[in-house]
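Chemist: After the sequence you'll find the predicted model.
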Amino acid sequence: MIDAAFAEIFPLGEDTTPWRRLDGDYVRTESFAGQEMVVVDPQALVQLSAEAIRDISHLLRPGHLAQLRAIVDDSEASPNDRFVALELLKNANIAAGGVLPMCQDTGTAIVMGKKGQRIWTGVDDALYISQGIADAYTRLNLRYSQLTPLSMFEESNTGNNLPAQIDLYATEGAAYKFMVMAKGGGSANKTFLFQETKALLNPDSLRKFVSESVVKLGTSACPPYHLALVIGGTSAEMTLKTVKLASARYLDGLPTSGGKFGQAFRDIEMEQQVLEITRTLGIGAQFGGKYFCHDVRVIRLPRHGASCPVGLGVSCSADRQMLGKITRDGVFLEALETDPARYMPDVREDKLSGEVVQINLNQPMEQIRATLSRYPIKTRVSLTGTMVVARDIAHAKLKERLDAGKGLPDYIKNHPVYYAGPSKTPDGYASGSFGPTTAGRMDAYVDLFQSHGGSMVMLAKGNRSAAVKEACKKHGGFYLGSIGGAAAQLAVQSIRKVEVLEYPELGMEAVWKIEVENFPAFIIVDDKGNDFFRQL
């Protein structure tokens with residue numbers, strides 16, 4: 001008999017998940033020590049993880065889609081809010097076809113498993129889970145993003161998106177329960193830990209902290225967000241783990257009040273207050289408005305008296321997670337929405353956003369810039385013509401050429417540069433999913449490149465540093481915001497041709513030349529030093 005005042009820190013309520021059963025006979029029952037044991041064929045782990053990665057790469061939860069539709073229907077939403085929401089709904093419909101993933105950054109695979117003591121597999125479960133993940137990434141049109149360190153400074157791509165992050169726990173019972181997630185770099189980079197004190201724990205201080213911290217999230221992780229704020233934690237890593245689970249709505253079943261034994265709880269009233277703060281920031285769904293966040297989860301945790309960790313993080317527009325389970329009845333995955341078309345509104349696009357400026361990219365750069373210069377920030381533009389694509393490694397190689405006195409190539413001077421990296425191109429398609437990457441990673445190159453006549457018009461997602469604003473003002477450049485989270489939609493509707501221009505050995509990090517038609521974007525930084533995000 002254990003005589004201790006023990007209570008589960010995360011006491012979740014009743015499971016209301018809609019389940020679908022996977023084909024195959026993977027489980028049987030046997031008796032051991034007078035108890036029924038669920039004996040699981042290890043291939044069940046391969047099948048579960050492979051199908052989960054496939055589903056979350058192409059499908060969304062019904063609740064998330066309903067929230068996007070609500071933006072389109074909300075008369076208080078800005079025109080740009082509604083335009084972005086409609087593009088994301090279109091993207092969901094294309095991705096649901098199972099060919100193009102919803103985001104070109106198909107993420108790091110993360111699996112959390114809680115294995116009941118009456119579940120028997122008889123193998124290294126992580127090995128079989130990894131096999132299923134690798135099968136999905138190599139078989140589907142997904143991108144390999146994982147780099148292995150060869151030395152402190154040298155890396156290479158693993159070529160199958162492994163390793164995955166796999167966290168397995170032992171628990172009681174006769175069920176094996178899973179959370180499977182694909183976390184892209186954009187939203188992963190918007191996970192923050194703050195080491196605060198007891199002084200934060202009053203209404204005024206907490207509201208001030210939230211207002212100052214949330215705005216710094218910016219848009220580079222593709223809002224509208226599912227925002228998670230966690231206050232407390234027995235360790236920093238517990239706080240950040242809770243942020244990730246809360247952003248995936250895994251902890252929605254927590255109680256809504258605290259107790260004397262250290263249980264976590266959701267503060268529903270604070271969730272609404274934080275949501276209202278996010279709706280007054282003016283950031284909106286990427287380009288101004290109300291819908292910076294779909295919803296907010298605020299979790300209060302126990303803490304050491306001398307420590308008050310606070311965690312903040314998001315799940316982005318590629319809201320990729322699902323539950324799974326193995327029981328005596330079989331292998332199950334959460335049922336995601338296979339028919340997102342039913343959330344599509346019957347509206348005219350010209351009623352969703354204001355003036356749309358058509359830009360011909362197949363004209364001299366001076367004329368492109370002259371056209372952009374006539375319009376204010378937040379103006380929606382539609383781009384048709386040639387762009388080049390270059391991101392982190394390509395920019396580093398171009399800088400090496402400058403440092404060696406060789407100058408910049410003409411392609412970076414004559415065409416807008418799109419910061420992106422495509423997923424695999426399916427047979428019969430001009431492009432794989434091809435959405436923007438986070439602009440800030442290229443900030444250090446802008447002034448140098450523009451001083452040599454390059455990067456005069458840039459496209460990506462998220463906010464830029466003050467140095468970029470000053471460089472654009474000094475050199476006459478522009479930064480255009482592309483819609484984050486709509487990579488499949490861009491591939492099908494806007495990208496007509498893709499070819500490698502230079503550095504093919506870099507794979508998706510190569511310099512590409514693409515032909516686009518009616519590619520949507522917004523003016524974020526102009527040649528006069530105006531910056532949408534810094535005016536908020």
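Modeler: Done, it's in. Keep in mind that what you see is a predicted model, and the values were worked out from it rather than measured. Numbering: from 1, shown residues only.
Chemist: who's in contact with Ala134?
Modeler: Listed by Cβ atoms under 8 Å, 6 or more residues apart in numbering, the contact set of Ala134 reads 160-162. From N, CA and C alone the C-beta is placed, and that goes for glycine too.
Chemist: so can I have CSV of these showing secondary structure?
Modeler: Listed next are the contacts of Ala134 as CSV, based on DSSP: H, G, I helix; E, B strand; the rest coil:
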residue, secondary structure
Asn160, coil
Asn161, coil
Leu162, coil
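Chemist: Let's see if you can find the most crowded of those residues.
Modeler: Asn161 (23 neighbours; other Cβ atoms under 10 Å).
Chemist: for it, phi and psi?
Modeler: The phi/psi pair for Asn161 (degrees, to the nearest 10) reads phi 70, psi 10.
Chemist: Can you check the pLDDT for it?
Modeler: Asn161 is assigned 96 on the pLDDT scale.
Chemist: Can you give me the distance of it to Met102?
Modeler: As judged by Cβ to Cβ, to the nearest Å, Asn161 and Met102 stand 16 Å apart.
Chemist: How about Tyr479?
Modeler: 25 Å.
Chemist: What is the burial count for the nearest residue to Ala96 once chain neighbours are set aside?
Modeler: The shortest distance from Ala96 to any non-neighbouring residue, by Cβ to Cβ, 6 or more residues apart in numbering, is to Pro340 (5.3 Å). By other Cβ under 10 Å, the residues close to Pro340 number 23.
Chemist: Can you pull out the low-pLDDT segments for the stretch 1-150 of the chain?
Modeler: For the stretch 1-150 of the chain, applying pLDDT under 70 flags the ranges 1-5.
Chemist: Could you do the stretch 301-450 of the chain as well?
Modeler: The stretch 301-450 of the chain contains residues with pLDDT under 70 at 347-354.
Chemist: quick one, strands of it?
Modeler: With DSSP state E, counting those that start in this stretch as the criterion, the stretch 301-450 of the chain has strands at 308-315, 321-327, 330-334, 356-360, 380-389, 417-418.
Chemist: counting contacts, what elements does the third one pack onto?
Modeler: Think strand 330-334. Contacts defined by 3 or more Cβ pairs under 8 Å, 6 or more residues apart in numbering; DSSP states H and E place strand 330-334 against strand 19-21, helix 43-58, strand 321-327.
Chemist: Likewise for the second one?
Modeler: If contacts are counted by 3+ Cβ pairs under 8 Å, 6+ apart, strand 321-327 sits against strand 35-40, helix 43-58, strand 176-183, strand 330-334.
Chemist: The last one: how far from the chain's middle?
Modeler: Once both centres are worked out by Cα atoms, centre = their mean, to the nearest Å, strand 330-334 turns out to sit 25 Å from its chain's centre.
Chemist: Now tell me what touches it from outside.
Modeler: In contact with strand 330-334 (Cβ under 8 Å, 6+ apart) are residues 17-22, 24-27, 44, 47-48, 51-52, 55, 61, 322-326.
Chemist: rerun at 6 Å
Modeler: Identification of contacts with strand 330-334 by Cβ atoms under 6 Å, 6 or more residues apart in numbering yields 17, 19-22, 26, 44, 48, 52, 322-325.
Chemist: what do you get for the second one?
Modeler: Where contact means Cβ under 6 Å, 6+ apart, the residues beyond helix 43-58 that reach it are 22, 26, 95-96, 98, 101, 106, 125, 128-129, 131-133, 135-136, 180, 182, 320, 322, 324, 326, 331, 333, 336.
Chemist: Helices along the stretch 101-250 of the chain, start to end?
Modeler: Remark: helices assigned in the stretch 101-250 of the chain by DSSP state H, counting those that start in this stretch are 125-139, 185-188, 203-214, 236-247.
Chemist: what's the closest of those helices to Thr171?
Modeler: helix 125-139 (13.7 Å; Cβ to Cβ).
Chemist: Next, the angle from the closest one to strand 35-40.
Modeler: If you take axes from the mean of the first three to the mean of the last three Cα atoms, to 10 degrees, helix 125-139 sits at 30 degrees to strand 35-40.
Chemist: Which positions in helix 125-139 come out as buried?
Modeler: Residues 125-126, 128-137 are the ones in helix 125-139 that count as buried (16 or more other Cβ atoms under 10 Å).
Chemist: In PyMOL, how would I select the buried members of the contacts of strand 330-334?
Modeler: Buried residues within these, by 16+ other Cβ under 10 Å, are selected in PyMOL with:
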select buried, resi 22+26+44+48+52+322+323+324+325
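Chemist: Dump the contacts of strand 330-334 into a markdown table; add distance to Ala394 as well.
Modeler: Listed next are these as a markdown table, based on distance: Cβ to Cβ, whole Å:
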| residue | distance to Ala394 |
| --- | --- |
| Thr17 | 43 |
| Trp19 | 44 |
| Arg20 | 42 |
| Arg21 | 46 |
| Leu22 | 41 |
| Tyr26 | 45 |
| Ala44 | 42 |
| Leu48 | 38 |
| Ala52 | 33 |
| Met322 | 34 |
| Leu323 | 39 |
| Gly324 | 38 |
| Lys325 | 43 |
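Chemist: which pair in the contacts of strand 330-334 spans the largest distance?
Modeler: Pairwise over the contacts of strand 330-334, using Cβ to Cβ, the maximum falls at Thr17 and Tyr26, 19.3 Å.
Chemist: Can you tell me how far Leu372 is from Asp125?
Modeler: Using Cβ to Cβ, we find Leu372 at a distance of 54 Å from Asp125.
Chemist: Just confirm Ser169 contacts Met112, I think it does.
Modeler: Let me fix one detail, which is that residue 169 is Tyr and not Ser. No. With contacts counted by Cβ atoms under 6 Å, Tyr169 stays clear of Met112, the gap being 7.6 Å.
Chemist: ok, the two, which is more surrounded?
Modeler: Neighbour tally, Tyr169 and Met112, criterion other Cβ under 10 Å: the higher count belongs to Met112, 20 against 9.
Chemist: if I look at the more buried one, how far off is Ala52?
Modeler: When Met112 is compared with Ala52 (using Cβ to Cβ), they lie 12 Å apart.
Chemist: Throw the helices and strands packed on strand 330-334 into JSON lines and include distance to Val310, thanks.
Modeler: Formatted as JSON lines, the helices and strands packed on strand 330-334 follow (distance: least, Cβ to Cβ, whole Å):
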{"stretch": "strand 19-21", "distance to Val310": "35"}
{"stretch": "helix 43-58", "distance to Val310": "28"}
{"stretch": "strand 321-327", "distance to Val310": "23"}
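Chemist: Quick one, which of the ones you listed gets closest to Lys497.
Modeler: helix 43-58 (24.4 Å).
Chemist: Pull out the buried residues from that closest one.
Modeler: 44-58.
Chemist: name the helices or strands packed onto the longest strand anywhere in the chain?
Modeler: Taking DSSP state E as the criterion, the chain has its longest strand at strand 511-525. Applying 3 or more Cβ pairs under 6 Å, 6 or more residues apart in numbering; DSSP states H and E, we find strand 511-525 packed against strand 380-389, strand 478-482, strand 495-502.
Chemist: Run through who's touching the shortest one.
Modeler: Which is strand 478-482. 372, 436, 457-459, 461, 464, 521-522, 524-526.
Chemist: Tell me which helix or strand comes right after it.
Modeler: helix 487-493 (DSSP states H and E).
Chemist: and that following helix, what other elements does it pack with?
Modeler: helix 79-95.
Chemist: I'd like to know which elements whatever helix or strand Leu459 lives in is packed against.
Modeler: If you go by DSSP H and E, Leu459 is part of strand 457-460. Judged by 3+ Cβ pairs under 6 Å, 6+ apart, strand 457-460 is in contact with strand 478-482.
Chemist: how about the CA coordinates for stretch 501-509, as CSV?
Modeler: Provided in CSV are the C-alpha atoms of stretch 501-509 (Å, rounded to 0.1, in the frame of the first residue of the first chain):
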residue,chain,number,x,y,z
LEU,A,501,18.9,27.4,-62.1
GLU,A,502,22.1,26.8,-60.0
TYR,A,503,23.5,24.6,-57.3
PRO,A,504,21.4,21.5,-58.0
GLU,A,505,23.5,19.6,-55.5
LEU,A,506,21.6,21.5,-52.7
GLY,A,507,18.3,19.7,-53.5
MET,A,508,15.4,21.8,-52.3
GLU,A,509,17.9,24.5,-51.2
